[in-house]
Structure formats: C-alpha cells, structure tokens
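In: Need a 3D model of the following:
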Amino acid sequence: MHLTAPATTHPEAGTRDADGMAVASFILGLLGLLVLNLFLGPIAIVLALVSLWRGTSRKGRAYLGLALGIADLAVLAIAMEVSNTVSWSL
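Out: Sure thing, here's the model as predicted:
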C-alpha cells in the first residue's frame, strides 16, 4: 500500500514554470526601477537566467527582465553616487 501518489512528470510543466519565472522577472525588474532596487534587481536577474536556462518560450520577457534587473542596479549605483549615500529616495 502506497501512501503517496505516484510521481507523474509532464514535459510542459517545466516550460510552464520557466514561463512564469520569465514573467516574474520582467515584473520584478520593472517594479525594481521604482522601489527596493537593491533587492528586486538581483532577484529579477536570477529569475531571468534560470528561466532562460530551463528553456522558456517567453525569451523576450526573460531578456527584458534581465535588462531591467541590470538597470535596477545601475540606477541604484548612479543615485548613490549622485547623493553620496548608501541608499537613495525620490
């Protein structure tokens, strides 16, 4: 008697997860331009790279998430340099 259900793997489940990560990367990268860019930028970069590594069908969103994550960190670096502080605010 088995207490757990047998593991079934669907080939499209990995692609669906990768697609979700690509969209999440894009949204977090976009949101990171406004708030919490120190945290959201690296998360967007990691999610974009993992989704591309898993073979997402939404490559455009993954690349946009990657670019926005890098832009988050660039905005933070520029704002920190201009204001001579460790953080920045609007």
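
In: And what about Thr56, helix, strand or coil?
Out: Under the three-state scheme (DSSP: H, G, I helix; E, B strand; the rest coil), the conformation of Thr56 reads as coil.

In: How about Ile45?
Out: In three-state terms, and counting by three-state DSSP, Ile45 is helix.

In: Wait, it touches Ala67, no?
Out: No: counting by CB atoms under 8 Å, Ile45 does not reach Ala67; the two are 9.5 Å apart. (C-beta placed from N, C-alpha, C; glycine too.)

In: quick one: average pLDDT of the longest helix anywhere in the chain?
Out: Counting by DSSP state H, the longest helix found in the chain is helix 59-83. For helix 59-83, mean pLDDT rounds to 90.

In: From what I see, Gly65 and Leu33 are in contact.
Out: No: counting by CB under 8 Å, Gly65 sits too far from Leu33 to count as a contact (11.9 Å).

In: any idea how far Leu38 is from Leu28?
Out: The span separating Leu38 from Leu28 equals 12 Å under the rule CB to CB, to the nearest Å.

In: Comparing those two, which residue is more hemmed in?
Out: Using other CB atoms under 10 Å, the more surrounded residue of Leu38 and Leu28 is Leu28, with 24 against 14.

In: residue contacts, the residue nearest to that one when sequence neighbours are not counted?
Out: With sequence-adjacent residues excluded and distances taken as CB to CB, 6 or more residues apart in numbering, Leu28 is closest to Ala44, at 4.3 Å. Contacts of Ala44 were listed using CB atoms under 8 Å, 6 or more residues apart in numbering, and they are 25-26, 28-29, 32, 65-66, 68-69, 72.

In: Wait, Gly69 touches Ser25, no?
Out: Yes: under the criterion of CB under 8 Å, Gly69 makes contact with Ser25 at 7.0 Å.

In: Show me whatever sits in contact with both of these two.
Out: Residues touching both Gly69 and Ser25 (CB under 8 Å, 6+ apart): 43-45, 48.

In: Tell me how far stretch 22-32 lies from the chain's centre.
Out: Taking the mean C-alpha point of stretch 22-32 and that of its whole chain, the gap between them comes to 5 Å (CA atoms, centre = their mean, to the nearest Å).

In: Repeat that for stretch 49-56.
Out: Its chain's C-alpha centre lies 11 Å from the corresponding centre of stretch 49-56 when counted by CA atoms, centre = their mean.
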